[in-house]
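[1] Quick one, what's the 3D model for this:
(one chain, ligands or ions: 1)
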Amino acid sequence: MDGVTNLIGGKWLPSASGSTFESRNPADLSHIIGIYARSEAQDIEAAVAAAQNAYPDWRRTPPPERAAILFRMGQLLEKHKERLSILMVEEMGKVLVEARGDVQEAIDMAYYIAAFGRMPFGSVVPSERRDIYCMAQRVPVGVVGLITPWNFPIAIPSWKMFPALLAGNTIVFKPAEDTPQLAIEFVRLLVEAGIPTGVVNIVTGYGQEAGAALVESQGVTTISFTGSTATGRQIASRCGALLKRVSCEMGGKNGIVVLDDADIDLAVKGALWSAYGTSGQRCTAASRLIVHRDVHQKFRDALLSQVASFRVEAGTNPEAQMGPVINRAQLDRIHSYVELGQREGAKLLTGGKILSEGGFEKGCFYAPTLFDSMTPQMRIAQEEIFGPVTGIIEVSSFEEALAIANGTLYGLSLSLYTQDLSRAFRAIQELEAGIVYINLPTSGAEIQLPFGGVKQTGNGHREAGWMAMDYCTEWKSVYVNYSTSSDLVRAQIDVHPQKGHNT
Ligand code: ADP
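    Have a look, this model is predicted:
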């Protein structure tokens, strides 16, 4: 089975070139999870052809029938939750409780979207003319290409795939090269749930090869991408030139504001979770803590004592609070940001090093890192690091805190801790983010609400919530004349008797 990992038109195949790549456990790089097809344009084109073949029949399948498969998928994900969670700890590195949360998100998404199978897909609206029936219906867009990251290896594919399938689209899925095994397991469960041949195809491989070929493929009408801003910009530009629909969910520089009246214990717990959960590798990770000077010392000391005693270990250990980061390249990148932060004048309170001794030798572990005296214009306060690194920015007022919170190119998630209702609601209005939390950390989205960001985090689309149907459907407006008269009645013209200027 080594390298035979592309599901194309119902058959598991190797790449046309026969090339392969490996996935390794980031907690122990000597542990090879598996060997996967390293695919290129030829493989992508075969998968797109299979998806195109399957499309007419799937499009005509009644939504409740499509939904029934998603419902079974939810049941299968529940059945396999523990096995998938353990595999996720091994392939991606997050700790077991978080891995279970990742799978649970896909279960929630399956049931939520399955329910749409019997919900209104469109609207009937009154006509301005007599005996005309007007309706607008959602229609599928055709073959949808999905390009996903490694940080939520089960949840993110579910966000993209389930709405697209319910809407009647067929899929070519190119998962992240760091987590192909989880993607394959996900697709196997869909097959077991009864997804018809060719409706979901998976092609494993690298972004520059398989991913880029998927974007270029003429048969793909829509791309849904989650990943870095640099890659998203490149994909969106190509989709612009090719006039494809594209939904991009990209970087963030999320922040937590702690005001002088905040419940500090609660804020510290929130900061710990948002900054170091998933080793800081969540799109919603808080890498800026914007703290009022009156509570700065109390907040900093409480947070520091917690971070300094944080348990970093392979996620298989139930005691572990934080696992490794995804790979060596990311480890080096995180460390170079920490060195940059020190050169920029931020004060390193704890962490700041690659953990390479005492059981950490074989993996990609980074010490949870906390800076103080970070200023808003430092690069570590502006650029996404995607690791267990955060810093405190001290502020003197509510207004200054809001301005700093909004002062980045990104706009995914911002949070504010206060007991003051008036300031809470002002912040809800003023914060420039797709997701705002009050007295909660920047991470913790529920699937029935839209997820996505403003500014350079997104390009106007949302995942999850019923809005998830938008990226993968077009609207078709339909007018039906049921009059028995042979008169043509023109909209706008014949409904308002013409009054010329000189009559
Ligand atoms: P990261 O480096 O954080 O993994 P990327 O944005 O590079 O983030 O990767 C996210 C997804 O995009 C992965 O599935 C990757 O293979 C894919 N990808 C990377 N580069 C390209 C590209 N040029 N075209 C299409 N997909 C790409």
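[2] so where do the helices sit in the stretch 251-400 of the chain?
    Remark: helices assigned in the stretch 251-400 of the chain by DSSP state H, counting those that start in this stretch are 264-276, 293-308, 328-344, 398-406.
[3] So which of those is nearest the ligand?
    Nearest to the ligand among the helices of the stretch 251-400 of the chain is helix 328-344 (7.6 Å), distances taken as CB to the nearest ligand atom. No exception for glycine: its C-beta is placed from N, CA and C like everyone else's.
[4] Can you confirm whether the closest one lies near the ligand?
    No - using CB under 6 Å from any ligand atom, we find that helix 328-344 stays clear of the ligand, coming within 7.6 Å at best.
[5] distance between that helix and the chain's centre?
    24 Å (CA atoms, centre = their mean, to the nearest Å).
[6] counting contacts, what elements does that helix pack onto?
    With contacts taken as 3 or more CB pairs under 8 Å, 6 or more residues apart in numbering; DSSP states H and E, helix 328-344 sits against strand 347-350, strand 365-366, strand 389-395.
[7] which of the helices of the stretch 251-400 of the chain is buried the deepest?
    A comparison of those by mean neighbour count, using mean count of other CB atoms under 10 Å, puts helix 264-276 on top with a mean of 22.
[8] Figure out which of the helices of the stretch 251-400 of the chain is closest to Glu177.
    helix 328-344 (11.6 Å; CB to CB).
[9] so that closest one versus strand 389-395, what angle?
    30 degrees (axes from the mean of the first three to the mean of the last three CA atoms, to 10 degrees).
[10] Show me what helix 328-344 is in contact with.
    29, 281, 325, 348, 351-354, 364-366, 369, 371, 374, 378-380, 383, 385-389, 391 (CB atoms under 8 Å, 6 or more residues apart in numbering).
[11] among those, which ones are buried?
    281, 325, 348, 351-352, 354, 364-366, 369, 371, 374, 378, 380, 383, 385-389, 391 (16 or more other CB atoms under 10 Å).
[12] Measure how far stretch 234-253 is from the centre of its chain, please.
    Distance of stretch 234-253 from its chain centroid, counting by CA atoms, centre = their mean, is 14 Å.
[13] Could you export the helices of the stretch 251-400 of the chain as JSON lines, including mean pLDDT and distance to Lys174?
    Below are these laid out as JSON lines (pLDDT from 0 to 100; distance: least, CB to CB, whole Å):
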{"stretch": "helix 264-276", "mean pLDDT": "97", "distance to Lys174": "29"}
{"stretch": "helix 293-308", "mean pLDDT": "97", "distance to Lys174": "37"}
{"stretch": "helix 328-344", "mean pLDDT": "98", "distance to Lys174": "20"}
{"stretch": "helix 398-406", "mean pLDDT": "98", "distance to Lys174": "34"}
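[14] can you give me the strands for the stretch 101-250 of the chain?
    For the stretch 101-250 of the chain, the strands defined by DSSP state E, counting those that start in this stretch occupy 123-125, 132-140, 143-147, 170-174, 200-202, 220-226, 245-249.
[15] And for the first one, what's in contact with it?
    Read that as strand 123-125. With CB under 8 Å, 6+ apart, strand 123-125 has contacts from Tyr133, Cys134, Met135, Ala136.
[16] Most neighbours among those residues, which one is it?
    Cys134 (15 neighbours; other CB atoms under 10 Å).
[17] measure that residue to Leu29 for me?
    61 Å (CB to CB, to the nearest Å).
[18] what do you get for Lys81?
    Counting by CB to CB - Lys81 and Leu29 are separated by 27 Å.
[19] and stretch 429-449, which residues are buried?
    Neighbour count says stretch 429-449 has 430-438, 440-445, 447 buried, by 16+ other CB under 10 Å.
[20] Could I get the average pLDDT for that stretch?
    Stretch 429-449 carries an average pLDDT of 97.
[21] Now do the buried residues in the helix or strand Trp58 falls within.
    Take DSSP states H and E as the rule and Trp58 turns out to sit in helix 41-60. Using 16+ other CB under 10 Å as the test for burial, helix 41-60 gives 43-52, 54-55, 58.
[22] after it, next one along is what?
    helix 63-79.
[23] Show me the contact partners of that following helix.
    58, 84, 103, 106-107, 110-111, 113-118, 121, 154, 162, 165-166, 168, 189-190, 192-195.
[24] Now do whichever helix or strand comes after it and helix 63-79, the angle between them.
    Sequence-wise, the next helix or strand downstream of helix 63-79 (DSSP H and E) is helix 81-91. Calculated by the same axes, to 10 degrees, helix 81-91 forms an angle of 70 degrees with helix 63-79.
[25] what residues does helix 81-91 touch?
    Residues contacting helix 81-91 (CB under 8 Å, 6+ apart): 23, 25, 27, 31, 33, 77, 94-96, 99-100, 102-104, 107, 153-154, 178-179, 181-182, 185, 314-316, 323.
[26] Report the beta-bridge partner residues of Ile435.
    Ser413 (DSSP bridges).
[27] In contact with Leu370, which residues?
    By CB under 8 Å, 6+ apart, the neighbours of Leu370 are Ala275, Leu303, Leu304, Val307, Leu348, Leu349, Thr350, Gly351, Thr390, Gly391, Ile392.
[28] Pull up the gap between it and Met161, please.
    Distance from Leu370 to Met161, by CB to CB: 37 Å.
[29] what's the helix holding Trp58 packed up against?
    Using 3+ CB pairs under 8 Å, 6+ apart, helix 41-60 is in contact with strand 6-8, strand 143-147, strand 170-174, strand 200-202, helix 212-216.
[30] Centre of the chain to the first one, how far?
    Think strand 6-8. 23 Å.
[31] for the record, mean pLDDT for the helix or strand that that strand is followed by?
    Tracing the chain C-terminally past strand 6-8 and defining elements by DSSP H and E, one meets strand 11-13 next. Mean pLDDT, strand 11-13: 98.
[32] packing partners for strand 11-13?
    Under the contact criterion of 3+ CB pairs under 8 Å, 6+ apart, strand 11-13 touches strand 6-8.
[33] helices and strands around the strand it packs on, which ones?
    By 3+ CB pairs under 8 Å, 6+ apart, strand 6-8 packs against strand 11-13, helix 41-60, helix 180-193, strand 200-202.
[34] ok, back up a step: overlap between the buried ones among the contacts of helix 328-344 and the residues near the ligand?
    Restricting these to those near the ligand - CB under 6 Å from any ligand atom - leaves none.
[35] what are the pairing partners of the least confident helix or strand in the chain by mean pLDDT, and which direction each?
    In the chain, no helix or strand scores lower on mean pLDDT, DSSP states H and E than strand 123-125, which sits at a mean of 94. Using DSSP bridges, strand 123-125 pairs in its sheet with strand 132-140 (antiparallel).
[36] returning to what we had before: tell me which of the helices of the stretch 251-400 of the chain lies nearest to Thr148.
    Among those, helix 328-344 sits nearest to Thr148 (CB to CB), with 16.7 Å.
[37] what about burial for the contacts of helix 81-91, which qualify?
    Here, 16+ other CB under 10 Å leaves 23, 25, 27, 33, 77, 94-96, 99-100, 102-104, 107, 153-154, 178-179, 181-182, 185, 314-316, 323 buried among the contacts of helix 81-91.
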